[in-house]
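> return atomic coordinates for the entry below.
(one chain, ligands or ions: 1)
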Amino acid sequence: MTILQCSQCSATFKPYPPQFKCEKCDGLLEYVHDFEQLKQIQIAGPFTFWKYRPFLPKVTNVVSMGEGGTPLHRAKRLAEKIGLTEVYLKDETRNPTNSFRDRCGALLVSNALDLKCDSVICASSGNIGASLAAYCAKSSLICHIIVPKMVDIGKMAQMLIYDAVIEEYGEVLDESIERAKSVAKETGWYQASAELNPLVIEAQKTIAFEVIEQTSLPDWFIISMGSGGTIYSIWKGFKELYALGRIETLPKMVGVQAEGCSPIVNAHLKEKTETVSLQKPSTHALAILVANPLNGAWALRALKESKGIAVSVSDPEIFLAEQEIARLEGIFAEPSSSATIAALKKLSSQDVIKPKDKVVCLITGSGLKATDVLQALTKKRKTAVVGLEVSTKEKILRILSHKSTYGYDLWKQTGKTMTRAAIYQHLDDLTERGLIVAYEEKGRKYFRVTNRGRRVLGAIDELKVLL
Ligand SMILES: [Zn+2]
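Next comes the predicted model:
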């Protein structure tokens, strides 16, 4: 028998509908399973989310789109670059809507069907909204999503194409959650906000179950933190495996936040058991932009119980890490999950994580969902092209400033890195701008630098001092 129990006063409640707060003491509620009964069960069947169905609260109407059973990649090149030996990436981008939240989408929508609800509501800054929208579409339920102002555009596109009813409310997720709470109260719609439904923890704990089937127990498990529920889910998964006697020790949990938004990290460093709300949170990793983490107490518990570490990383560190795992491992992760790699680098350089330690980083969702980095990369590409043109013209000018010569010779001197036609195009451009001038000598067309050209070269040199 599975019960819903208060993590503070141990009061118990009926498991459904899922509630997240204790009516008596306001503590967070979580599902507690009968381990004696579970010890008898053999885990069998295909490697998917539903393989662990006996370890989840009971559902009857199962909705599935092939969630879970995601790969665990050994990141050899990344590990080598950081100076570690065993780094693994749990690749949740492979789920039906490209994030770990599909585990929740499947379980919550199944539960909503069991409870005969015809509408679901959630507050979401992206992944869970996209996922619920898809699972609701498949199950013919109406999906209402309250989104804050700042939402990753790719996730918004998913919510729209799956035909969710979208309402924008609040600057950050915290306000959207309050709105979702009051709408659910008024309408009786199924509450599917990740922070308000303890089934989310159950769904996500299966990530720990899968990792233990894919490899031996890691020393460290690194996860980014927004509301704080995800790190607790994985920790709960490991604790259950431990209680069942399936593992002999537990990993240390590392919780990562962005420097501009790190209420859980701050609370952990001050050894608090509750988080304090931030006034002006800011990060481009929108999936972890949460000012007042409703599941902060859970995250702090996971960090404390596992003797883990909380660490914050800057946005530039996050984007650099995003490019690194793409270039070294072929994985395109969203910024919030790339933060785990940035943290790994930081902790390794501080010798907190030792070279021989085994580490798993949770890659929660696909980089295609978050366009900040895409915009930055497109800009970079454009600058790279412009920069190349400038540098070729500059190169030609420099060659000519030493000695006047003709087109074919210039082509040879520039290392034949482009077509001769391109060289002549640059020569035309430079002539048009009055930086060089053409003249005839021995029946050949020669070019020399004008005074204006020399002044421009001088200006470039001065600029370079500044760069
Ligand atoms: Zn209580």
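> A helix includes residue 446, no?
No. Going by DSSP: H, G, I helix; E, B strand; the rest coil, the assignment for residue 446 is strand, not a helix.
> what is the neighbour count of it?
16 (other CB atoms under 10 Å). Every residue, glycine included, has its C-beta placed from N, CA and C.
> contacting residues around it?
Going by CB atoms under 8 Å, 6 or more residues apart in numbering, residue 446 touches 404, 405, 406, 438, 439, 440.
> and with 10 Å instead?
Going by CB atoms under 10 Å, 6 or more residues apart in numbering, residue 446 touches 400, 404, 405, 406, 407, 409, 437, 438, 439, 440.
> who's it bridged to?
Listed by DSSP bridges, the beta-bridge partners for residue 446 are residue 406, residue 439.
> against residue 439, how distant is it?
Applying CB to CB, to the nearest Å, the value for residue 446 to residue 439 is 5 Å.
> which element is residue 146 on?
strand 142-147 (DSSP states H and E).
> what's the helix or strand that that strand is followed by packed up against?
Using DSSP H and E, the helix or strand that follows strand 142-147 in sequence is helix 153-161. Counting contacts by 3 or more CB pairs under 10 Å, 6 or more residues apart in numbering; DSSP states H and E, helix 153-161 is packed against helix 127-139, strand 142-147, strand 165-168, helix 372-402.
> if we can go back for a sec, how about TSV for the contacts of residue 446, with distance to residue 113 added?
As requested, the contacts of residue 446 are exported to TSV (distance: CB to CB, whole Å):
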residue	distance to residue 113
400	76
404	81
405	78
406	79
407	74
409	77
437	79
438	79
439	84
440	85
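> nearest to residue 428, out of those residues: which one, please.
residue 438 (9.6 Å; CB to CB).
> my guess is the closest one contacts residue 432. True?
No. Contact criterion CB atoms under 10 Å: residue 438 and residue 432 do not qualify, at 11.2 Å.
> low-confidence bits of the stretch 101-250 of the chain, can you list those?
Applying pLDDT under 70 to the stretch 101-250 of the chain picks out no residues at all.
> please report the distance of residue 162 from the ion.
37 Å (CB to the ion, to the nearest Å).
> tally up the residues packed near that residue, please.
Residue 162, neighbours per other CB under 10 Å, totals 20.
> does it really touch residue 142, like I thought?
No. Counting by CB under 10 Å, residue 162 sits too far from residue 142 to count as a contact (11.4 Å).
> shared neighbours of the two, which are they?
residue 136.
> which SS class is the residue nearest to residue 364 when sequence neighbours are not counted?
Excluding its sequence neighbours, the residue lying closest to residue 364 (CB to CB, 6 or more residues apart in numbering) is residue 337, at 4.3 Å. Per three-state DSSP, the local secondary structure of residue 337 is helix.
> which residues touch residue 337?
Counting by CB under 10 Å, 6+ apart, residue 337 has contacts 89-93, 99-100, 222-224, 256, 285, 287-288, 318, 321-322, 325, 331, 361-367, 370.
> one more time with 7 Å, if that's ok
Listed by CB atoms under 7 Å, 6 or more residues apart in numbering, the contact set of residue 337 reads 224, 362, 363, 364, 365.
> same list, those residues, but as TSV with neighbour count, secondary structure and distance to the ion please.
Listed next are the contacts of residue 337 as TSV, based on neighbours: other CB atoms under 10 Å; DSSP: H, G, I helix; E, B strand; the rest coil; distance: CB to the ion, whole Å:
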residue	neighbour count	secondary structure	distance to the ion
224	29	strand	29
362	25	strand	30
363	31	strand	35
364	30	coil	30
365	29	strand	33
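> JSON lines for the residues you listed, including distance to residue 463?
Shown next, in JSON lines, are these (distance: CB to CB, whole Å):
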{"residue": "224", "distance to residue 463": "40"}
{"residue": "362", "distance to residue 463": "44"}
{"residue": "363", "distance to residue 463": "41"}
{"residue": "364", "distance to residue 463": "42"}
{"residue": "365", "distance to residue 463": "41"}
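> between those, which is closest to residue 76?
Among the contacts of residue 337, and counting by CB to CB, the member closest to residue 76 is residue 363, at 15.8 Å.
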